[in-house]
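Student: coords below, sequence missing:
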């Protein structure tokens, strides 16, 4: 079973600066487990101490120019059986000779003190496979945001020639939108039985799904699963067409009995052929990269500004006024900029 | 019929600076048409020439502390009959003694050279009413963005004690999301007949709708409209619950025969009671205001930065590299910030 780098190593106070060893990128390219784990930890680190290393790593990653991976987002309510599905699905991918990485975005990890997703102990068989790499969700406390770290982790696994990258998330809060913005295909898992299984899912996710799979279609639930599929098929037909031109397809599967999974994998292949052929795949990826750049720029601005003490309290003050509708958001924002401009002029004079 | 201030007045080259007349706010408070039109033009103006006036106006608006208006977003494919619906719906509101403003967000106005929405010539009866004010979509070329101008126009009409503010949009592109982010209730109009009427609507909008009304339920189409309503009711039941706790309700209406409109108005009242009672209304509004502040701050940053020549070309250059996945978005953003930081240090030295 794979060992992941202990976070303590990176956060140890004894090491004030961490230079990447000379042979690091060779070791990374040959997928030495320690090197991969260290790279992931670097991407998830928000410490300025590792900024230089992170930069080097990102340059290496983007220098590889390998982009063959299929990026698949997987969501579903807690209890829908995401881990057992990924366990079965991932193994099937491995058996076909492909490499698969499993990443997670778990917005609950800050609350629970640890990720409930992407835990390799939940996927014992898959985690033993040579061709599989499972990484739990980074702590949602990290400055750069879980989404940013996950996007860069995706890029890492692409650079390492992975064929499938699965990003799982629990269907609560903003995480599905984040996952949809970094993947090519969005897979929604449902339980047999109408709308009950959607208690934990955010609005809009059903319409966003490219493929819907009703899981646990085994034993007594087989018939109910088929009915659920039929009901959703009707519902989906009422929806606006997708920008990709793809029509949402629906399936029943059983992770336990391993039925329907192979058909699902074939369907995923059909989807990727479809969006490759019509150009949507690359157009969408470049669109996603631009959005990411924009949000990186915004975040970098904020980080840069944080060097001006007083800014945070000013922003907090303005936010209070805005939320109580005592001040126009536009004017509140203007005041922040004016303050900042004043600071810079002051520092100019004192120079 | 109301006269709106000609844009030429504001853009005339003869007036290099426009100071608001002393009695402007008195005239605005008493809703003099010229004053209202001038206020709207100011909110839609992105010229720095009027920045001081805009600031004064926004301070006046937010100083009124009147927030009784029901902000309702209305969307539907072209041809669904939005204007005839608003014509009928708006008149009913007026007849109940309430004041109604109709605003529009029309992403196509840049292309068509003029707004196809919110045009009072499409709503001849409503535009004659004393209690109604109709404002066409601002040009989508304005710097601050159509959404920003519309949000501030909403605030203006609230300050003027309006009871209903209807924001209509065609269901294409990003505009529905923008409208949903500035309204309390989202109303989707459909045509009788299954999914065909949704060709122009973006994914996610059906799930976003608080109320769905099948329009043109008259004559031969009455039966089909009922079937359409039934089909969508089934579909909607499969969806995740809304954060507001409200269950999407469905209606058939005829703007032409004026049937169902009064029931719809009652239902809208029920919705507002529901979200007032459970606290969602105010929570959602304060959430919306915060989001608006964040996006204003981002835009203000960018405007502020635009004083540094060279920045735009650097950003464009980085964007190209990012879209071709030759560079990590994070590093590309970092480079922009570093450049900027260098510029400021340079200007510090030359001082």
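Tutor: Received the coordinates, thanks. What you see is a predicted model; the values in this text were computed from it and never measured.
Student: Looking at the residue of the stretch 1-150 of chain A at minimum distance from chain B now. What's its pLDDT?
Tutor: Using C-beta to the nearest C-beta, the closest approach of the stretch 1-150 of chain A to chain B is made by residue A:58 at 3.9 Å. For the C-beta atoms, the positions are set from N, CA and C on the backbone; glycine is no exception. Note on residue A:58: pLDDT of 94.
Student: Once you drop chain neighbours, what's closest to it?
Tutor: residue B:328 (3.9 Å; C-beta to C-beta, 6 or more residues apart in numbering or on different chains).
Student: residue contacts, that neighbour?
Tutor: Neighbouring residues of residue B:328 by C-beta atoms under 8 Å, 6 or more residues apart in numbering or on different chains: A:58, A:59, A:61, A:62, A:152, A:155.
Student: Make a ChimeraX selection of the buried ones in those residues.
Tutor: Buried members of the contacts of residue B:328, defined by 16 or more other C-beta atoms under 10 Å in any protein chain shown, are picked up in ChimeraX with:
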select /A:58,61,62,152,155
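Student: Output the contacts of residue B:328 in CSV, with secondary structure and distance to residue B:293 appended to each entry.
Tutor: Converted to CSV, these look like this (DSSP: H, G, I helix; E, B strand; the rest coil; distance: C-beta to C-beta, whole Å):
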residue, secondary structure, distance to residue B:293
A:58, helix, 31
A:59, helix, 35
A:61, helix, 35
A:62, helix, 34
A:152, helix, 28
A:155, helix, 32
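Student: Following element in sequence after the helix or strand bottoming out on mean pLDDT in chain A, please.
Tutor: Within chain A, no helix or strand scores below helix A:7-11, which has a mean of 44 by mean pLDDT, DSSP states H and E. Downstream of helix A:7-11, the next assigned helix or strand under DSSP states H and E is helix A:24-29.
Student: Only the buried residues of that next one, if you could.
Tutor: Those buried within helix A:24-29 under the rule 16+ other C-beta under 10 Å are A:24, A:25, A:27, A:28.
Student: And it, what does it pack against?
Tutor: Counting by 3 or more C-beta pairs under 8 Å, 6 or more residues apart in numbering or on different chains; DSSP states H and E, the packing neighbours recorded for helix A:24-29 are helix A:33-44.
Student: Show me which residues of the helix it packs on are buried.
Tutor: A:35, A:36, A:37, A:38, A:39, A:40, A:41, A:42, A:43, A:44.
Student: now stretch A:91-106
Tutor: A:91, A:93, A:94, A:98, A:99, A:100, A:101, A:102, A:103, A:104, A:105, A:106.
Student: ok, the last one touching residue A:150?
Tutor: In this case it means residue A:106. No: look at residue A:106 against residue A:150 with C-beta atoms under 8 Å: they stay out of range, at 10.3 Å.
Student: So for residue A:286, what's the nearest residue that isn't a sequence neighbour?
Tutor: Counting by C-beta to C-beta, 6+ apart, the residue nearest residue A:286 is residue B:323, at 4.2 Å.
Student: Residue A:70 too?
Tutor: Leaving aside its sequence neighbours, residue A:70 sits nearest to residue A:164 (C-beta to C-beta, 6+ apart; 5.2 Å).
Student: What separation do you get for that neighbour and chain B?
Tutor: Relative to chain B, residue A:164 is positioned 18 Å away (C-beta to the nearest C-beta, to the nearest Å).
Student: where do the strands sit along chain A?
Tutor: A:70-76, A:100-105, A:132-134, A:164-170, A:185-190, A:211-214, A:249-252 (DSSP state E).
Student: Make TSV from those strands and add mean pLDDT to it.
Tutor: Written out in TSV, the entries for the strands of chain A read as follows (pLDDT from 0 to 100):
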stretch	mean pLDDT
strand A:70-76	95
strand A:100-105	92
strand A:132-134	94
strand A:164-170	91
strand A:185-190	96
strand A:211-214	97
strand A:249-252	97
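Student: Same list (the ones you listed) but as CSV, adding distance to residue B:338.
Tutor: Output for those, formatted as CSV (distance: least, C-beta to C-beta, whole Å):
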stretch, distance to residue B:338
strand A:70-76, 30
strand A:100-105, 29
strand A:132-134, 33
strand A:164-170, 30
strand A:185-190, 36
strand A:211-214, 42
strand A:249-252, 46
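Student: wait, which of the ones you listed is closest to residue B:268?
Tutor: Residue B:268 lies closest, by C-beta to C-beta, to one member of the strands of chain A: strand A:185-190, at 31.4 Å.
Student: and the angle for the closest one with strand A:164-170?
Tutor: Using axes from the mean of the first three to the mean of the last three C-alpha atoms, to 10 degrees, the inter-axis angle of strand A:185-190 relative to strand A:164-170 is 40 degrees.
Student: coming back round to it: let me see the contact set for the residue of the stretch 1-150 of chain A closest to chain B.
Tutor: Per C-beta under 8 Å, 6+ apart, neighbours of residue A:58: A:152, A:155, B:328, B:330, B:331.
Student: Relative to chain B, how far out is residue A:159?
Tutor: From residue A:159 to chain B the distance is 11 Å (C-beta to the nearest C-beta).
Student: burial count for that residue?
Tutor: If you count neighbours by other C-beta atoms under 10 Å in any protein chain shown, residue A:159 ends up with 22.
Student: How about it: what's its closest non-neighbour residue?
Tutor: residue A:64 (3.9 Å).
Student: Tell me the pLDDT of that neighbour.
Tutor: So, for residue A:64, pLDDT stands at 92.
Student: pretty sure it contacts residue A:162?
Tutor: No: counting by C-beta under 8 Å, residue A:64 stays clear of residue A:162, with 11.5 Å between them.
Student: So if I had to pick from these two, which one is more boxed in?
Tutor: residue A:162 (23 against 14).
Student: wait, doesn't the more buried one sit right on residue A:94?
Tutor: No: using C-beta under 8 Å as the test, residue A:162 is too far from residue A:94 to be in contact (11.4 Å).
Student: Overlap in contacts, the two.
Tutor: residue A:100.
Student: How much space separates the closest residue to residue A:327 other than its chain neighbours from residue A:314?
Tutor: In space, and not counting its chain neighbours, residue A:327 is closest to residue A:321: 4.0 Å by C-beta to C-beta, 6+ apart. Distance check for residue A:321 against residue A:314: by C-beta to C-beta, to the nearest Å, it reads 11 Å.
Student: just so I have it, where are all the helices in the stretch 51-200 of chain A?
Tutor: Secondary structure of the stretch 51-200 of chain A, counting by DSSP state H, counting those that start in this stretch: helices at A:51-64, A:82-95, A:109-112, A:124-128, A:146-159, A:175-180.
Student: for residue A:304, what are its contacts?
Tutor: So residue A:304 contacts B:337, B:340, B:341 (C-beta under 8 Å, 6+ apart).
Student: what about residue A:247, neighbour count?
Tutor: If we define neighbours as other C-beta under 10 Å, then residue A:247 has 13 of them.
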